[in-house]
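Engineer: Using only what follows, build the 3D model:
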Amino acid sequence: MASLSDQLEEVRLNAEGSLCSPGSAQEIRSGVSAMANIPLPPTSKYRHIAAESMLKENSSGNNRKETMASLQKLSTALNILEKYGSNLTNSNRPKYWRTVKYNNPVFRTTVDSIQGGRAVLNLYGYTNQQPDGLSFPDDVVEPDAGKVASVTLEVMCLRMELDMLTKGAHSHPEFYERLIPSLTLQDEEGLGTDAVAFSPNESPWEKQSPSPASTPSQSKSPFSPSLPLSSLGSSKPTDNCSICGISPVSAHCPTCTQRLCKECDQLYHSHSGRSTHVRIPVTSSKPTKRLSSSLSTWQCLYCTTVNTMQQVLCETCERPRLSSAAPSVQEEPSQPSTISEWQCKSCTVVNAGSSILCEVCERPRLATRPPVAPSRPAPTTTGPMDSQWVCLFCTYVNQTPSAVCEMCYLSKSDHAPYPSKPLPVSPVKNITTVLATPKVTPTEDPDLKRQRLMKEEGIKLIQLIREGEKKGVSPEEVYTSMCVSGNSNVTPYDWLKTELPHVLDEICVMAASCQQESNALSNSSGENESQDGQKSNSVPLSRAEAKRAWLAAGGDNEKAVRQAHRARRVKVKELGSLGFNDVARCEEALRQSGGEVRGALVLLQRSLLDPFHQRMWTDEQEPPIDINHPDKQHVCRRLLAVYDLPSWGRCELALSLLRDPTASYTLEDVVQAVRESPDKDFIRRVLNKECPICLSIFPQSKMQSLTSCQCSVCCGCFKQHFTIAVRDKHIRDMVCPVCAEPDINDPEHLNSYFSTLDIQLRDCLELEVYELFHKKLTEQALIKDPKFLWCSHCSYGFIYVGDQLKVTCLQCRKSFCAQCKKPWEDQHKGVSCEQFQLWKRENDPDYQRQGLAGYLRDNGITCPNCRFQYALARGGCMHFSCSQCRYQFCSGCNNPFHTTCAVNQCSVTGLHAHHPRDCLFYLRDWEPARLQALLQKNGVKYNTDTAPGTQTGVCGVIEQKDEGPRPTDSACGAQTQPGQAGLCEKHYREYLVSLINGHSLDPAPLFNHDELLVACRRYHVDIAQGEGEDDRAHYTRLLKKLMDDVPLGDKVPRKK
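Structural biologist: Have a look, this model is predicted:
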C-alpha cells in the first residue's frame, strides 16, 4: 500500500494538471477535496505556502468562538487569493493581470488585512514592489503556470480545510488544535469574555486594580478634582461605551478594539468598511448605575479644569471630554503605527492617524470646531421621553425644541433610534434638576426675520424665472419687469407683453428728441457739420436697441436713453475702425440688425460683394491669373481661390517659383508640386527631372515610371518605347527601357507586372496599338493551357479539345501528331509514336540516310514553358532562348537561366542555371569512350557505324548558328571521326548523353575521387572524413550519400 506522502504526491500532480489544462471545475474540486482529506499535518502537506505561520499569526481570541471568527476571516482572504491564482492559470487572463492595486477595496479588506497574504502573491510572481501595489517584473512575459498552479492548489486546499474546521466536519481537527490552543477553550456561560464582575456595593468606575503603593482609603472616583493623574490609567475596561461614555457596553469588537453600547455599535459598524467585523456580546454582572441628573459640569482628566456641560472640548487644553490623562496607558493597537492618533472635534472619537474622515460622524480630519450653540434653559429630566433625541452623527443627546444638533450642527432628520430609557444630557456628572418654567413665546430676532423675508423673496423670484424660461422670457426681463411694475397684481409676463412695447417706443422717441436737441446746440455753436448732413439726419433707435439699453439701465427710461446713445457711438466707432466711415450707413445698419455689430457688418459688406456675385453668376470665362500683376496679395488670393492651396504661405511659395527668371515652369506644374510639399529645394528637384532616354528636363508630373523599378522617363519616350515593343517585338520585351526590369522568367512577377502595365498603357497608347497589346497578352496566357498546340508546319498555335492523335492546323490545314508533334503519315494511324518512329528508322530510306543526325533532329529541343519544339541539336552553348515565349533555359536539363537566384546558399551572381549531375552541361566534357562504358555497364546499345547513304567525313546535324544579324539554322559541317556513326565528336557525345538520359542512368559510379568531392560540394553534401576512415570507405560512403540524397534532374528529357 502506498504511503500517505505518495498519495499526497499523486493527488497533487493530478490536481495541478487539472488547473493547468482547461479541465472541468468538478475535476478540480474533487482533486482539492482529496488533498484536503489526506490525514497529514499542515507542515507535511503544504510545501509552498507557510500554512503553519499563517494559521498562528491570523488566529486570535480567548476561546473557540473568537478563534473560529478569525479563521473565517483568513478563509475569506484565501478565497480571494485563490481567484488571483485561477486568473493566472486561465488561458483567457484578465486585461490587467500583471498588477495588484493596494487601493482595491476587496484586496484591502481581505488579503491585505491578514498576515502572509502578500507572501502568497509573491509566490504567484508579483515580486515587483510599487508605490501603489505589486506587479510582475517587466522582463516576465507570461506567468509560471506550473508554479502558480502548485501555489493555487495549496491555497484552495487550506481554504477547504478551514471551512471544514469551522463547520466541525474536519476529520482530524487535532492537527489545528495543536497549532492553535484556543480552539480547545469553550465559551463561558453567563459571562462575556470582556465583561467585568463588580461587587453589588461598588460602581463600575470605582473598581481599580490594587497597587502596593495605595491603600483602600486612597481609592477615589476618577471624576474627583483631587485625583492624581497616575491613577487614570486603569488597565481594566469600564462598563460604559467607549464612544458616548453613557450607555452600558453591549458588544466588544476585537478588530477595532472598541467596547460599544447597542446604539453606538449599530451606528459605528454601519460603515461599509466595518460592516464585516465580528462583535462579541458582553453581559454585565450588574446593571449600570444611573448618573445623577443634578450634575451640570465636568472635569478634564488631563488638566483638571471644570467645564460646563455644553462644552465638548476642554476650555484650557482643548482636549475631548473623554480623553485619558496620559497617552502611556492607552491600549496597544492591533498593528504598529508610526502616525499619532487624532481626535474628532465634533464627536470626540479617537481615530487612527491613517484615516482622513472620522469613523463615526465622517467629518474631515481638519474640520474646525463647530460653533457653540446659544445657551438655552435645559428642560427637566422628568418630562416625557419624546423631549430628547440622539444625533445620528455624534450621538449627543439634544432637547426636542431644537431641530439641529448642538454639538455638530447637523439636522435632526433620520436620527438614530431613541433608547428605551431617557438618557441623561451629561455623560460625567449628575445634572441638577431645573424646575419647569412657563413657556414664553420668543420674540423673532430682526436679523432672522430679515433673512426669512429675503429667502421668501428669492424663492418667489426663482419660481418666476423658471416659469419665464418656459415661456421664452429671460431672467433679466423678469427681474426688471418686477422692479418696474412694483407690487401690482399683474404678472411679469403679462406686463412684458402689454406694457413693454409702449415703454420701448417711448425710449425711442426720447432718444430721437435728445439727438435733435444735441444737433441744434451743435449747429448754434458754429460747429461744422459732417459730410452729407450726417449729424442733422440721425437714425432713430430700433426696439431691440431700446430693449437692450432698458435692461442694462434696470428699467430707468432716462438712463436707458443715455445708455442707448453711448452704446451706438461705441459701435459706430468700432465699425469705423473696420473701414466703414459713413456714420449714417453704419447707424442704419445697426438699426436694421438690432444693434448687433456682426449683423451690421454683414449688411455693410453686402454691397462690396456685388461685383463678385455678378462675376460668379455670369457666363463669361474666368480671366487667367496674371503672375506679373503688381499686387502680390491679389495674385495670392486668386491662387488660393482657384487652386485651393493649403495655406497662404504655399501661395507665396508658388508665386516666388513662377516669378523666378531662370526657370520656365508652368502654373499647373508649380501648383501640383507646391500642394505636395512646402520645401522649396524639394520642389525645384521635382520640377527639374531629366529623362534618361532623351535627356530633356521635365517636371515630375510629366514623367512616368513602372512599378517594377525606380526609373522615370518622360511621357513621350514611354509611349514610343511601348508602341515599338507591342508592334515589332515579343510580349516579354515590354520591360523598362532603362534597366530592362522585371525578370519575365518569374511567373509571379509576370502576372502582377502585366496587370499594372495594362492600366498604364490604356491611357498612353493609341487604340490600335493597345488592342494589339491585349491580343499578345491573350496569346501569352493561352500558351500555358495544357491543350494548347503548336503547328509543326507553320508554327501557328491554337487550343485542341479533341482526343485523336491526328490534328489539323486551322491556318495551314496540314496535319501533325498531337503527341510527338511529327508531320502526320498514314503509317502513324493505329500505332504509338514509338512504334511509328521505329518503323521510319527501318523502312524510310530518307530517314535512314540521315542516320543519327535525324535522330538528334527528332529528339531536338522542346521549350519547357510553351512546349514549342525545335528540330535542332543542342550545340555547344547550353543557354537557349525560346523565340515564341522568350523563356531562357538550359537545353540539356530544361532548368531556367536567371540573374536573381531563388536557391538557398547560392553565391553565383549573373546569368546562370543550376544543372543536375546527369545534364549534358557536365557530361559533354567526358570522352566518348567513358560515356560508352557507362552505357555498356547498364546494358544499353549504341551505334558506332555510319548509316548507308550518309555523307561521310562531314557532320550533317542541323544547329542554330549566330551568323549575321539574326541566328540561322544550318548543318554542322565539322569533321567526323571513325567509330562515331558519321557524327562529329561534339554531336556524338550529345547522342550518347541522350541515351544516358533516356534510360535515366546515373553517372556518379564513374566519378573519380576528385570529381566526387566537387559534386558533393556543388550539391551541399557533407564531405568530412570520419576518424579512422580510409579513403576507400570514405569514397564509398560519399558516393552512396550523393546518390541517395541528391536525385537526378527532374526536368531532363527522358526520350529514348
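
Engineer: where are the low-confidence patches of the stretch 851-1000 of the chain?
Structural biologist: Low-confidence regions of the stretch 851-1000 of the chain, defined by pLDDT under 70, span residues 851-859, 871-876, 884, 902, 947-952, 960-969.

Engineer: just the helices in it please.
Structural biologist: Using DSSP state H, counting those that start in this stretch, the helices found in the stretch 851-1000 of the chain span residues 852-858, 920-923, 928-937, 985-998.

Engineer: likewise the stretch 651-800 of the chain?
Structural biologist: Defined through DSSP H, counting those that start in this stretch, the helices belonging to the stretch 651-800 of the chain, from first to last, are 667-676, 680-687, 715-728, 747-762, 767-783.

Engineer: Need the residues that contact the first one.
Structural biologist: Surrounding helix 667-676, the residues in contact under the criterion CB atoms under 8 Å, 6 or more residues apart in numbering are 625, 627, 639, 643, 645-646, 650, 653-654, 657-658, 683, 686-687, 699-702. Any C-beta I mention is one placed from the backbone N, CA and C, and that applies to glycine too.

Engineer: what's the answer for the shortest one, then?
Structural biologist: For helix 680-687, contacts defined as CB under 8 Å, 6+ apart pick out 653, 656-657, 663, 665, 669-670, 673-674, 676-677, 699-700.

Engineer: average pLDDT for it?
Structural biologist: Averaging pLDDT along helix 680-687 gives 86.

Engineer: Give me the angle between that helix and helix 667-676.
Structural biologist: With axes from the mean of the first three to the mean of the last three CA atoms, to 10 degrees defining the directions, helix 680-687 sits at 130 degrees from helix 667-676.

Engineer: on that earlier part again, list only those of the contacts of helix 667-676 flagged as buried.
Structural biologist: With neighbours counted by 16 or more other CB atoms under 10 Å, the contacts of helix 667-676 contain buried members at 625, 639, 643, 645, 650, 653-654, 657-658, 683, 686-687, 699-702.

Engineer: quick revisit: for residue 114, which of the helices of the stretch 651-800 of the chain is the nearest?
Structural biologist: Evaluated over the helices of the stretch 651-800 of the chain, closeness to residue 114 peaks at helix 747-762, with 66.1 Å, by CB to CB.

Engineer: who touches the closest one?
Structural biologist: By CB under 8 Å, 6+ apart, the list of residues contacting helix 747-762 from outside reads 704, 706-708, 722, 734, 742-744, 770, 773-774, 777.

Engineer: Stretch 28-39 now?
Structural biologist: By CB under 8 Å, 6+ apart, the list of residues contacting stretch 28-39 reads 4, 7-8, 11-12, 14-15, 18-19, 45, 153, 156-157, 160-161, 164, 171-172.

Engineer: Among the residues you listed, which are located in strands?
Structural biologist: Counting by DSSP state E, no part of those is found in strands.

Engineer: Now which of the residues you listed would you call buried?
Structural biologist: Among the contacts of stretch 28-39, those scoring as buried are 7-8, 11-12, 14-15, 18-19, 45, 153, 156-157, 160-161, 164 (criterion: 16+ other CB under 10 Å).

Engineer: Sort out which of those residues are in helices and list them.
Structural biologist: If you go by DSSP state H, the buried ones among the contacts of stretch 28-39 have 7-8, 11-12, 14-15, 18-19, 45, 153, 156-157, 160-161, 164 in helices.

Engineer: Among the residues you listed, which one lies nearest to residue 249?
Structural biologist: Once CB to CB is applied, the member of these that ends up nearest residue 249 is residue 164, at 34.5 Å.

Engineer: so what's that closest one closest to, chain neighbours aside?
Structural biologist: If the residues on either side of it in the chain are set aside, residue 164 comes closest to residue 170, at 4.2 Å by CB to CB, 6 or more residues apart in numbering.

Engineer: Would you mind measuring from that neighbour to residue 36?
Structural biologist: Here the distance between residue 170 and residue 36 works out to 9 Å (CB to CB, to the nearest Å).

Engineer: Same check on residue 694?
Structural biologist: Residue 694 sits 91 Å away from residue 36, going by CB to CB.

Engineer: What are the buried residues along stretch 259-269?
Structural biologist: Neighbour counts using 16+ other CB under 10 Å place 259, 260, 261, 262, 263, 264, 265, 267, 268, 269 of stretch 259-269 among the buried residues.

Engineer: From these, which land in helices?
Structural biologist: Cross-referencing these against helices under DSSP H gives 262, 263, 264, 265, 267, 268.

Engineer: Out of those, which two are the most distant from each other?
Structural biologist: Farthest pair in those (CB to CB) is 262 and 268. Separation: 11.0 Å.

Engineer: what sits against residue 260?
Structural biologist: Residues near residue 260 by CB under 8 Å, 6+ apart: 241, 242, 243, 249, 250, 251, 252, 253, 268, 279.

Engineer: Okay, and the beta partners of it?
Structural biologist: On DSSP bridges, the residues paired with residue 260 through beta bridges are residue 251.

Engineer: So which residues of the stretch 51-200 of the chain form strands?
Structural biologist: Secondary structure of the stretch 51-200 of the chain by DSSP state E, counting those that start in this stretch: the strands cover 99-101, 128-130, 133-135.

Engineer: now for those strands, which one comes closest to residue 400?
Structural biologist: Sorting those by CB to CB, the top spot, which is the nearest, belongs to strand 99-101 at 48.5 Å.

Engineer: Can you check the pLDDT for residue 590?
Structural biologist: Here the pLDDT value assigned to residue 590 is 91.

Engineer: That one is in what secondary structure piece?
Structural biologist: Secondary-structure element containing residue 590, defined by DSSP states H and E: helix 583-592.

Engineer: How about residue 520?
Structural biologist: Taking DSSP H and E as the criterion, the element that holds residue 520 is helix 500-524.

Engineer: Which positions within that helix qualify as buried?
Structural biologist: Across helix 500-524, burial judged by 16+ other CB under 10 Å covers 500, 503, 504, 507, 508, 510, 511, 514, 515, 519.
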